[in-house]
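Colleague: I would like to see how this sequence folds:
(chains A and B)
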Amino acid sequence: MDYTVIIGLEVHVQLQTRTKLFCGCSTKFNPDHPNTQTCPVCLGLPGALPVLNREAFHLGMKTGLAINCEIPAFTKWDRKQYYYPDLPKAYQISQYDLPMSQNGWLEIELDPETREKKKIGIIRAHLEEDAGKNSHDESGRGQDSKVDLNRCGTPLIEIVSEPDLRSAQEARTYLEELKLLLTYIDVSDCNMQEGSLRCDANVNLHVHQANGETVPTPIVEIKNLNSFRGVEQAIEYEVQRQWKHWQETGLSLKDVPKETRGWDADRGVTLEQRGKEDAADYRYFPDPDLAPVTVTDAERERVSQELCERPADRRARFEESYQLSVYDAAVIIDQGLAVADYFETVAESCGNGKQAANWVTQDVLRELNERGLDISKFPIQPDVLAALLQKVNAEEITIKSGRTVFQELLNYPEGVPGIEQIQNIIEDKGLALVSDTGELDSIVQAVVDKNEKAVADFQSGKQAALGALIGQVMREIKGADPKAVRELFIAKMS
Amino acid sequence: MSITSATASELLAKMNSGEISSEEITSACLDEISRRDGSINAFLSVQQEAALEKAREVDRKRKAGKPLGKLAGLPVALKDNICSEGVTTTCASKMLEHFVPPYDAHIVEQLKAADAVLIGKTNLDEFAMGSSTENSAFKTTTNPWNTAYAAGGSSGGSAAAVSAGFAPLALGSDTGGSIRQPASFCGVVGLKPTYGRVSRYGLVAFASSLDQIGPFARDVTDAALILGTIAGKDRRDTTSLDAAVPEYTSTLEQPLKNLKVGYIELLHEEGLHAEVKEATLRALDVYKSLGAEMVPITLPHAKYCVATYYIIAPSEASSNLARYDGVHYGYRAPHFENMIDMYAASRGEAFGDEVKRRIMLGTYALSSGYYDAYYLKALKVRRLIRNDFEQAFQSVDIIATPVTPTPAFTIGELVDDPLAMYLADIFTTSANLSGIPGISIPAGMSKNNLPIGLQLLAPPLEEERLLRAARMFERETDWHLKRPV
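Modeller: Predicted coordinates:
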């Protein structure tokens, strides 16, 4: 007897609007000043009314189109009703039966070796307002709980996948690809620490029995997954738990209603949150305070024009157009839109994609990491790096000298160095490649003359002796072309 | 005529001619309130100092020849479910007994900009749920014509205030008749505008798709005057309509030519009081005498109005009132065990029976498994009711009906029979369900010396037609000139 794992993800993403979904309050993450970004509307005061933030709807459409959804011509708002202190109206304005986008998909790569891909279906993506945040006294002294409503009313898009994911790893890959996509199209910063991307997972097993029948186990919704690792670990844990539970009880989907469990990252377990009996009845109904929204073909077309190339397409194009390895293409794409743009500018203007990739994935990313910088703040502009690489390509300087110039540019004291600085540094440091045989010839001859022993060693077959001799020339002329020097030595000593 | 029985237009003319000051008017109203509101109970709070201060400010402006708003110096009373900054807004509920809004409703801003003198906040049925103000947590408003009788509701306080001489103008809200019914009971003009004509921003929601703010006045001219200052698009209420606001007062005196008045056959109307029927038929005769054509109409789904209304309104109410949970503001129970218990105790202790009844009705109607049979069905019937009116207005300009089946009932008469109380909304709920404007104007007196109103209905945004038609009737009759003694 074995089983198949069935997983669907519900992902909540905060859209990066300046103001909230239904009022003019700031959406800034501001946990240190609770309840300062509020007004009668998001506080749910009597008589206050919501007004739709068109920019949030626009970003929602952009998201829907990016995940290949249909954007229906008509969509409306519904109230989802439940009591909780972080929800001051005691209902959340959401979308129930007519979401603003539906029936889409997102393609993920299952295996970088085989390049096997899989389309994960997306049932719907709808807009809704976020709740506030409760904090409870954890000292055990029974102090009051506190509510911060700064976040209350922030626009979220909830993206619900089909139960197409078959492993914890697949779920993680899907989530990573989704995050990358949403940051690329610039609808969200997807900052998981700040709660801009949150995930719930619906998990169960299809148990294949000896008689050929397949029995589904009860569905469990795991809440509170706020890291990629958490998603993976929680699902892995839950699969094992359900398998054990099935073996012990034999209870199937039709015996037990959906259960909600919370992921405890510290203990590495899922814990029951909501009992099976009190399944919530949200009593959804159309919000009478908000007019339905209609979307025209022209609007849909305009928004899809705004979409940039999706990361998956760009990854494939990088591999194709710049002959990048799968690994390099992935590293660059996964760094986000700005790094990919940086790379592409460098690759275009230096004319060598592989070389650009090497420099970006090694030198640039290393420096960014060490300096804790964002690419937008990186002192070497892409056209400057491209000019430097061109000099290496044209054998005007060695790769080693190129790295020296790179470091000098980084440490340039007066703002952002321009292309002309490259030549200045080369001249100051005497890094110009010398392959002119006349000049090299006399130095090589002088070294041969001075180093009888080494020459003898080389002639008796000790290749290592050559390196020391070349080194002496290189110390003399910094820009010497090591290849030319080597050839000269061999000619003279053979 | 005395200050306290004069119309707003008369008072404005006298202020403009220098014959009287706003301070004198305001003081006269305040005196009348302190003298008689002990038995009428129209007000939940009176802003005496602020009112007098505003009156003096307007007087100074008027004297200095500075530009003045359209209601400059006129006292206006506000139903206490309309938020006014810094002034308690209780909704006549223990839940909001001490609630002070940090902001003004849109119409309060409009009134302030029009230099009105906001004199006080009036009594209502708790959260506007009821037809008699007997559901107020604080007091029952009595009918100025006879204090043994109900003033009606839910805007009973506003109707009584205008009727009793406490304020020439007042505002109320109408969800199923809550302006027109008390106007009819108290013998004043009450207008429910088209849904969306007046912004609901700052009106504490009862049933959002039905609620509409509207005026009480002593005659049609005054109603036109104040409607012109509060109507119009407000970007904070997305259901408010973006349509130009006509100068209602400028066309008011022009009779409508070739007027076609629709009427429903009243002979078989069950439960219709003989005196109400008689007053309605007499009113039709007045129109006939003015050359109007009488056209019988049928509203096939009208008989479902009350049932439809009592599904939709409580459903929305159950959602709108969920926010009063004792967490963020309003009443919190002093003793509770845990969070759920705090919710239950706070709501249980602070809401009155009628509010609880409607929350339960609405919660039930929206529950999983019942939604389709109740709420969704009600929405479909609502569409049919709206269609009935659209159909009817193809052949008539206005429709004339009774406002209520009976003149004012006595206080306590229906309090233990909520169903009978609900059924009294039979003529008024249709305007809310279909979103059309309706007006109640004085059109008769019962043998018991209680006013009887006439309801006129018009198509959406045709308030101008409605007011002109009402004025045609008013000019031919003197019911609107009668004042309680």
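Colleague: Name the helix or strand of chain B that has the lowest mean pLDDT.
Modeller: Taking mean pLDDT, DSSP states H and E as the measure, the helices and strands of chain B show their lowest mean at helix B:418-423, namely a mean of 82.
Colleague: tell me what it is packed against?
Modeller: Helix B:418-423 is packed against helix B:305-320, with contacts defined by 3 or more C-beta pairs under 8 Å, 6 or more residues apart in numbering or on different chains; DSSP states H and E. Bear in mind the C-beta positions are built from the backbone N, C-alpha and C, glycine included.
Colleague: List the buried residues in the helix it packs on.
Modeller: If you call a residue buried by 16 or more other C-beta atoms under 10 Å in any protein chain shown, then helix B:305-320 has these buried ones: B:305-306, B:308-320.
Colleague: Count the residues that sit near the closest residue to residue B:97 other than its chain neighbours.
Modeller: Excluding the flanking residues, the one nearest residue B:97 by C-beta to C-beta, 6 or more residues apart in numbering or on different chains is residue B:90, at 5.5 Å. Each residue near residue B:90 was counted by other C-beta atoms under 10 Å in any protein chain shown, and the total is 25.
Colleague: Tell me who's in contact with residue B:90.
Modeller: For residue B:90, the contacting residues are B:44, B:45, B:80, B:96, B:97, B:99, B:121, B:137, B:138, by C-beta atoms under 8 Å, 6 or more residues apart in numbering or on different chains.
Colleague: So which of the buried residues of helix B:305-320 reach chain A?
Modeller: With respect to chain A, and counting by C-beta under 8 Å from any C-beta of the partner chain, the subset of these in contact is B:315, B:316, B:318, B:319.
Colleague: what sits against residue 211?
Modeller: No chain specified, so I'll use chain A. Not one residue lies near residue A:211 by C-beta under 8 Å, 6+ apart.
Colleague: my question was about chain B
Modeller: Contact partners of residue B:211, counting by C-beta under 8 Å, 6+ apart, are B:128, B:173, B:174, B:175, B:200, B:203, B:205.
Colleague: For the last one, what are phi and psi?
Modeller: When you say that, I think you mean residue B:205. With angles defined as degrees, to the nearest 10, residue B:205 shows backbone torsions of phi -70, psi 140.
Colleague: That one touches residue B:322, doesn't it?
Modeller: No. Applying C-beta atoms under 8 Å as the test, residue B:205 and residue B:322 come out as separate, 11.0 Å apart.
Colleague: who has more neighbours, those two?
Modeller: Neighbour comparison, residue B:205 and residue B:322: the larger count goes to residue B:205, with 26 against 23 (by other C-beta under 10 Å).
Colleague: who touches that one in this structure?
Modeller: By C-beta under 8 Å, 6+ apart, residue B:205 lies in contact with A:46, A:47, A:289, B:211, B:316, B:320.
Colleague: one more time with 6 Å, if that's ok
Modeller: With contact set as C-beta atoms under 6 Å, 6 or more residues apart in numbering or on different chains, residue B:205 has these partners: residue B:320.
Colleague: again with the one 10 residues further on
Modeller: Applying C-beta under 6 Å, 6+ apart to residue B:215 gives the contacts B:171, B:191, B:223, B:226, B:227.
Colleague: Specify the beta-bridge partners of it.
Modeller: When bridges are assigned using DSSP bridges, the partners listed for residue B:215 are residue B:171.
Colleague: Could you measure from it over to residue B:442?
Modeller: With distances taken as C-beta to C-beta, to the nearest Å, residue B:215 is found 15 Å from residue B:442.
Colleague: for residue A:288, same thing?
Modeller: If you measure residue A:288 against residue B:442 using C-beta to C-beta, the figure is 33 Å.
Colleague: With neighbour numbers in mind, choose between these two.
Modeller: Using other C-beta under 10 Å as the criterion, residue A:288 and residue B:442 rank with residue B:442 on top: 27 against 20.
Colleague: And the closest residue to chain B within the stretch 101-250 of chain A, its phi and psi?
Modeller: Chain B sits closest to residue A:147 of the stretch 101-250 of chain A, with a gap of 7.4 Å, by C-beta to the nearest C-beta. As for residue A:147, its main-chain torsions (degrees, to the nearest 10) stand at phi -120, psi 130.
Colleague: pretty sure residue B:451 contacts residue B:187?
Modeller: Yes. Taking C-beta atoms under 6 Å as the contact criterion, residue B:451 and residue B:187 are neighbours in contact, 3.1 Å apart.
Colleague: what touches both of these two?
Modeller: Overlap between the contact sets of residue B:451 and residue B:187, as judged by C-beta under 6 Å, 6+ apart, is given by residue B:442.
Colleague: Which residue, other than its chain neighbours, is closest to residue 479?
Modeller: In the absence of a named chain, chain A is used. Take residue A:479 and drop its neighbours on the chain: the residue closest to it by C-beta to C-beta, 6+ apart is residue A:432, 4.3 Å away.
Colleague: my bad, the chain I had in mind was chain B
Modeller: Setting aside the residues directly before and after it, residue B:479 is nearest to residue B:442 in space (C-beta to C-beta, 6+ apart), at 3.8 Å.
Colleague: Show the pLDDT at the residue nearest to residue A:479.
Modeller: Reading off the per-residue confidence, residue A:432 sits at a pLDDT of 78.
Colleague: Might one say that residue A:53 is in contact with residue A:23?
Modeller: No. Here residue A:53 lies out of contact with residue A:23, judged by C-beta under 6 Å, at a distance of 8.1 Å.
Colleague: Leaving out the residues flanking it, which one is nearest to the residue of the stretch 101-250 of chain A closest to chain B?
Modeller: Among residues not flanking residue A:147 along the chain, residue A:85 sits closest, at 5.1 Å (C-beta to C-beta, 6+ apart).
Colleague: Next: residue B:310.
Modeller: residue B:422 (5.8 Å).
Colleague: how many neighbours does that neighbour have?
Modeller: The criterion is other C-beta under 10 Å. On that basis, residue B:422 has 18 neighbouring residues.
Colleague: So residue A:444, which state does it fall into?
Modeller: Under DSSP: H, G, I helix; E, B strand; the rest coil, the three-state class of residue A:444 is helix.
Colleague: Sorry, slip of the keys, the one I care about is residue A:261.
Modeller: Secondary structure, three-state DSSP: residue A:261 is strand.
Colleague: Tell me what the residue nearest to it when sequence neighbours are not counted is bridged to.
Modeller: When the adjacent residues along the chain are set aside, residue A:261 lies closest to residue A:270, with 4.0 Å between them (C-beta to C-beta, 6+ apart). With DSSP bridges as the criterion, the beta-bridge partners of residue A:270 are residue A:263.
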